[in-house]
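Asks: here's my sequence, what's the structure:
(2 chains)
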Protein chains: 2
Amino acid sequence: MAVVVGYVPTKEGRAALRRAAEECLLRRTRLIVINSNRGGKDLDADEATRFDEELRGVQAQLDDVGVEHEVRQLVRGNEPAEDLIAAAEEVEADFIVIGLRRRTPVGKLILGSNAQRILLDAPCPVLAVKAPTEG
Amino acid sequence: MAVVVGYVPTKEGRAALRRAAEECLLRRTRLIVINSNRGGKDLDADEATRFDEELRGVQAQLDDVGVEHEVRQLVRGNEPAEDLIAAAEEVEADFIVIGLRRRTPVGKLILGSNAQRILLDAPCPVLAVKAPTEG
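Replies: Prediction:
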């Protein structure tokens, strides 16, 4: 068994990674981090740096308690949904963790197509996590 | 802390309840089952009976291991999303579990508005569970 998490260098991605790591610690299952990159667009350098730090912190924590983990950088031109679903099938994931953007008070009621695809097509349950609200 | 699950007498609802109970056993948190009923339409008697049996089975299992649980039948005319979100806020839920319908091979890529609303507006993470495929 394993938990699969979609890695994106945004605050939602970091919230998803953090929660996925907590679930692995609770379950003593391994963590598979999937970074589906289609070539660097939308990449904010500050966010990427913060994410890398977060990732190293999470890896150190998992190392400390002996929870196995793996980071896969995929640059295949796939939609992130395809890579996540393929990984979940391969490792027979217990669940997938994804980050969702928080709706603004006037935001419209619609989920991104990638999130919808993962929710509808994943072979396992999907845990959708939002970033903490900024205080 | 608590896990909140939306109760509907369908195979998706039963899958969500089962998974929510497993998570409560793992975490030793209490389970709040919310049955938001707008008046009995769409109620399949066989499914309702099977669901009630499942619910009693889950309650007995939770009783056995001493996990606290609560079933709330709400007939307020609210959308189920509103009742679930209100309950999650009230008990400061660890997460909400919802059942999603599985997409058929030719099914369109769209989540129901209730599911989207819960995913976007819940104060906590949401675990989306699908019913097992019929074999």
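
Asks: elements contacting the helix or strand harbouring residue A:57?
Replies: Here residue A:57 sits within helix A:45-65, counting by DSSP states H and E. Packing partners of helix A:45-65 (3 or more C-beta pairs under 8 Å, 6 or more residues apart in numbering or on different chains; DSSP states H and E): helix A:11-27, strand A:69-74. Glycine gets a C-beta too; all of them are placed from N, C-alpha and C.

Asks: buried set for the first one?
Replies: Within helix A:11-27, the residues that qualify as buried by neighbour count (16 or more other C-beta atoms under 10 Å in any protein chain shown) are A:11-21, A:23-25, A:27.

Asks: now the shortest one
Replies: Neighbour-count burial for strand A:69-74 flags A:69, A:74 (criterion: 16+ other C-beta under 10 Å).

Asks: helix or strand right after that strand?
Replies: helix A:80-91.

Asks: return the residue of chain A that is most distant from the centre.
Replies: For chain A, the residue at maximal distance from the C-alpha centroid (C-alpha atoms, centre = their mean) is residue A:106, at 26.3 Å.

Asks: quick revisit: starting at the chain centroid, how far to the helix holding residue A:57?
Replies: 13 Å (C-alpha atoms, centre = their mean, to the nearest Å).

Asks: what's the angle between that helix and helix A:11-27?
Replies: Counting by axes from the mean of the first three to the mean of the last three C-alpha atoms, to 10 degrees, helix A:45-65 lies at 0 degrees to helix A:11-27.

Asks: for the lowest-mean-pLDDT helix or strand in chain A, buried residues please.
Replies: Least confident helix or strand, chain A: helix A:45-65 with a mean of 81, by mean pLDDT, DSSP states H and E. Within helix A:45-65, the residues that count as buried by 16+ other C-beta under 10 Å are A:47, A:51, A:54-55, A:58-59, A:61-62.

Asks: over to stretch A:116-123?
Replies: Per 16+ other C-beta under 10 Å, stretch A:116-123 contains these buried residues: A:116-122.

Asks: which one of these sits closest to residue B:32?
Replies: Of all the buried residues of stretch A:116-123, residue B:32 sits closest to residue A:119, with 22.6 Å by C-beta to C-beta.
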